[in-house]
Structures are given as C-alpha cells and as structure tokens.
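Peer 1: just to be clear, the model below is a prediction. Sequence and coordinates:
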Amino acid sequence: MKLTAVFSAVLLFFLFISAEVYFKEDFDEGWEERWVISQNKVKEGTAGKWAAAPARWSHDSNDMGLKTTEDARFYQISAEMKEFSNTGKDLVIQFTVQYVSDIDCGGGYIKLLPAGLDQLDFNGDSVYNIMFGPDVCGATRRTHAIVTYKGKNHLIKRDVNCERDGHTHLYTFILRPDNTFEILLDNVKVRSGNLVDEWDFLPPKQIKDPHQSKPADWVDQKTIADPNAVKPEGWDDIPAQIVDPEASKPEDWDTELDGEWEAPMISNPEYKGEWKAPQIPNPEYKGEWVHPLIDNPEYVEDASIYAFDSHKYLGIEIWQVKSGTIFDNILITDDVQLAATEAESVMSEIAKEKENKKAEDEASKTQPAEEAGDEIEEDLEGELPHEHDEL
C-alpha cells in the first residue's frame, strides 16, 4: 500500500510539472507587439479599430482588455504562440467577454488556429481548429462551440446560452482525451458529455435497414368508422339556415323601388352538420410499424476526435453592428486545475464590477431626488423675507 501511495504521488507530481500554459493574455503593456491586426478588410474600409480599455465598472482602471471601438465593422486580429498538439492531453480555452453596449448583432468568440495562418490576411475563411464564445444577432443568442473534424466545422447540436447583460462573463471550454467535454459559464458547468453525442462528427451507429419496408397489408389506422352506426332518421332534413323569425319588413320599405322584401337568413340552431359515423377502435390495428435498424457500415469509431496536431495561433475574427465589446483574461492550457484557479480569481473581479455597478445605479436613483431638493430649497430662499425686508 505504501509503495502504491508513493507511486501515485510521484505520478501526480510529474503530471503537475508537465502541465503547460500555451497562451495567456491580459492585455497589459506591450500587447500591440504580441498581436497582429489583419489587413483583410482595410482596403474596403470595413476594418474596425481596436483599443486597450478597462472593463466597465472595473475597480482598477489599469486592468486593460481589448476593446472594439467602431460600429458596423469587421474585427480581425491574431497572436502567435508556441505550436503544440493536444493529443493525449486536456485542452482548456478560457476568456472573458463584456458586451458593454446593448449589442443587437455581434460576435464575442475566439478561434484556435493551426500553423500556416497568414496573420496579415486573417479572415472568415481562414482554417481554424476550434471556435468558442458568445454570439448575439437578433433573437439568436448562443455560445458557439465549433470543432473542426476532417476539414468540416461542426457546431454543437443543442444551443448553449450566452449573456448580454452588460457585465463581464467568463467562458470556459474543456476538451478531454477521452472525447468528453465541458462548457462553463461564469465558472459554472452548463453543458458536458461526449463529443460524439453532442456533435455530428460521425454518422449514426445504426441506420434503417434499406432492405426492409412496411408490409403492404400492415394496418396502422388506430380507429375506424363504426360500421354498425346508422344515421338518425330526419338528420338530413334539418337545413343549415332558416329565415330569421324575429325579422320584420322595415316601415319605409318601398316594394316598387326596393323589390319584394325577404326576411334575412340566419344559422339554424337545430342544424347538426354533416353526419359521420362515430369512430371505434380498429380491430385490425397492428400498432405503429417500426423500421428495423442495422449497424451502419459507414460508422467507424474515432477516439481522437478531440485531438489536433497543430495549435499555433489565437485569433478574434468577428463582425459587430454595435462596438464596445471587451475581451480579456485569455488562457489556453492543458491544466484544468490551473484554469479553475484562474477562473475563481476572475470571478472575484467580476463580483467587484457588479458591486460598482450596483453602487452606480443606486447613486443615479438618489441624484435626481437630491437635485430636486436643492431646487426647492433655492425657491424657498427666494421667497423667505430677509432681516431687512419689511414684514
């Protein structure tokens, strides 16, 4: 038992020291030297300008993030990192986004890209491995989790919510070497599972047997008209409309000018509609026919869906109708625990932002009342007599 414990401790030690931080960006001084702005949209005049700015309501004005500054613009920027593969390792993508304005259409996601990117021509067609983060456009509001597999980009099948309330929010995406994943929003798990189940990377394991079809004599009609039912006598003698018994010819009716007066027709309250035999259970009913399934010959398990041989760039490539979005606290690592620790620190800062926002809101509520009070006091001072005034 002691040897086993020692071995486990040694193993954990080596796992810890082998953990790596591939990319970390807090947009402190010198960030312009680490990032390359794409020139792809410059000539057509639709490239937006970036700027360093603190989060709104931040308690530290020197804690900068990367901010979009112009409306209705494309934003394309990337940074290089030491090339790595996540084969056999966890991969954590984590960052914060603050939609400062009430954004109506704009992305807030980042991309992890392989070697070969032309940073000066980084654009929407540039090949990427993973795209992750919030995206808002009209009624659509989701957290994108797109993973490239065999040259095709696959979006997670069930939408993951995102936030657009003006506060900073933390987004975390974890890919594991057992083909499982986790998505966290503000350090709270909102989706997890298996990549095969949540994305359409692989064809279905089973398909309908193409050599089988529903038998021609299969009865799947649950009910039938009662063959023994008989239409009640006189049913068809009841008209759908009758003359309004309460109608009377107007006193000023002129037969020569208006023609022969006829009472208007009204719906007959006695009319029962077209007679139909009541339905009864079909004695021949066999139930819903279920198409037999067979193993899909095109299905091949792949234990390496999560893995990429090359990650070399981190990029932001978005369109925004309203600018003002701030990116910050970017972390790419294989250390899940480190990311969790960083997340706790970030959430602590976000809590302070919310406190500042709350204080600002409370101050804005009391300020009009105070201003009104000052005006009343000034008015009263103008009306009250002074010592030298005659009473």
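Peer 2: Looks like it arrived, so ask away.

Peer 1: going forward, measure contacts between C-alpha atoms and count neighbours the same way
Peer 2: Noted.

Peer 1: how about stretch 270-287 as PDB, C-alpha atoms only?
Peer 2: Provided in PDB are the C-alpha atoms of stretch 270-287 (Å, rounded to 0.1, in the frame of the first residue of the first chain):
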ATOM      1  CA  GLU A 270     -81.000  22.900 -34.800                       C
ATOM      2  CA  TYR A 271     -78.600  22.100 -37.600                       C
ATOM      3  CA  LYS A 272     -76.100  19.400 -36.500                       C
ATOM      4  CA  GLY A 273     -73.800  19.400 -39.600                       C
ATOM      5  CA  GLU A 274     -72.800  16.500 -41.800                       C
ATOM      6  CA  TRP A 275     -73.500  13.200 -40.200                       C
ATOM      7  CA  LYS A 276     -70.500  11.000 -39.600                       C
ATOM      8  CA  ALA A 277     -70.400   7.600 -38.100                       C
ATOM      9  CA  PRO A 278     -68.600   7.600 -34.700                       C
ATOM     10  CA  GLN A 279     -65.100   6.200 -34.500                       C
ATOM     11  CA  ILE A 280     -64.300   2.900 -32.800                       C
ATOM     12  CA  PRO A 281     -61.000   1.000 -32.200                       C
ATOM     13  CA  ASN A 282     -59.800  -0.700 -35.300                       C
ATOM     14  CA  PRO A 283     -59.900  -4.500 -34.600                       C
ATOM     15  CA  GLU A 284     -57.200  -4.900 -37.400                       C
ATOM     16  CA  TYR A 285     -54.800  -2.300 -35.900                       C
ATOM     17  CA  LYS A 286     -51.300  -3.700 -35.500                       C
ATOM     18  CA  GLY A 287     -49.600  -0.700 -34.000                       C
END
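
Peer 1: which other residues reach that stretch?
Peer 2: 218-227, 229-231, 235, 238-241 (Cα atoms under 8 Å, 6 or more residues apart in numbering).

Peer 1: one more time with 10 Å, if that's ok
Peer 2: The contact list for stretch 270-287 (Cα atoms under 10 Å, 6 or more residues apart in numbering) reads 218-232, 235-242.

Peer 1: now do it, average pLDDT.
Peer 2: The predicted model gives stretch 270-287 an average pLDDT of 93.

Peer 1: in it, what counts as buried?
Peer 2: Of all the residues in stretch 270-287, not one is buried under the rule 16 or more other Cα atoms under 10 Å.

Peer 1: re the thing from before, narrow the contacts of stretch 270-287 to those in strands?
Peer 2: 223, 224, 225, 241, 242 (DSSP state E).

Peer 1: dump those residues to a markdown table, plus distance to residue 314.
Peer 2: As requested, the ones in strands among the contacts of stretch 270-287 are exported to a markdown table (distance: Cα to Cα, whole Å):
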| residue | distance to residue 314 |
| --- | --- |
| 223 | 62 |
| 224 | 65 |
| 225 | 67 |
| 241 | 76 |
| 242 | 79 |
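
Peer 1: where does the stretch 51-200 of the chain dip in pLDDT?
Peer 2: Within the stretch 51-200 of the chain, no stretch falls below the threshold (pLDDT under 70).

Peer 1: picking up where we left off before, widest-spaced pair of the ones in strands among the contacts of stretch 270-287?
Peer 2: 223 and 242 (35.4 Å; Cα to Cα).

Peer 1: pull the CA atoms of the longest strand out of those in the chain into CSV?
Peer 2: Determined from DSSP E, the single longest strand within the chain is strand 73-84. Taking C-alpha atoms only, strand 73-84 is exported to CSV below (Å, rounded to 0.1, in the frame of the first residue of the first chain):
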residue,chain,number,x,y,z
ARG,A,73,-17.1,46.9,-38.6
PHE,A,74,-15.1,43.6,-39.0
TYR,A,75,-12.5,42.9,-36.3
GLN,A,76,-9.7,40.5,-37.2
ILE,A,77,-6.7,40.1,-35.0
SER,A,78,-4.4,37.2,-34.0
ALA,A,79,-1.4,36.3,-31.8
GLU,A,80,1.1,33.6,-32.3
MET,A,81,2.0,31.0,-29.6
LYS,A,82,4.4,28.1,-29.4
GLU,A,83,3.0,25.4,-31.6
PHE,A,84,1.5,22.4,-29.7
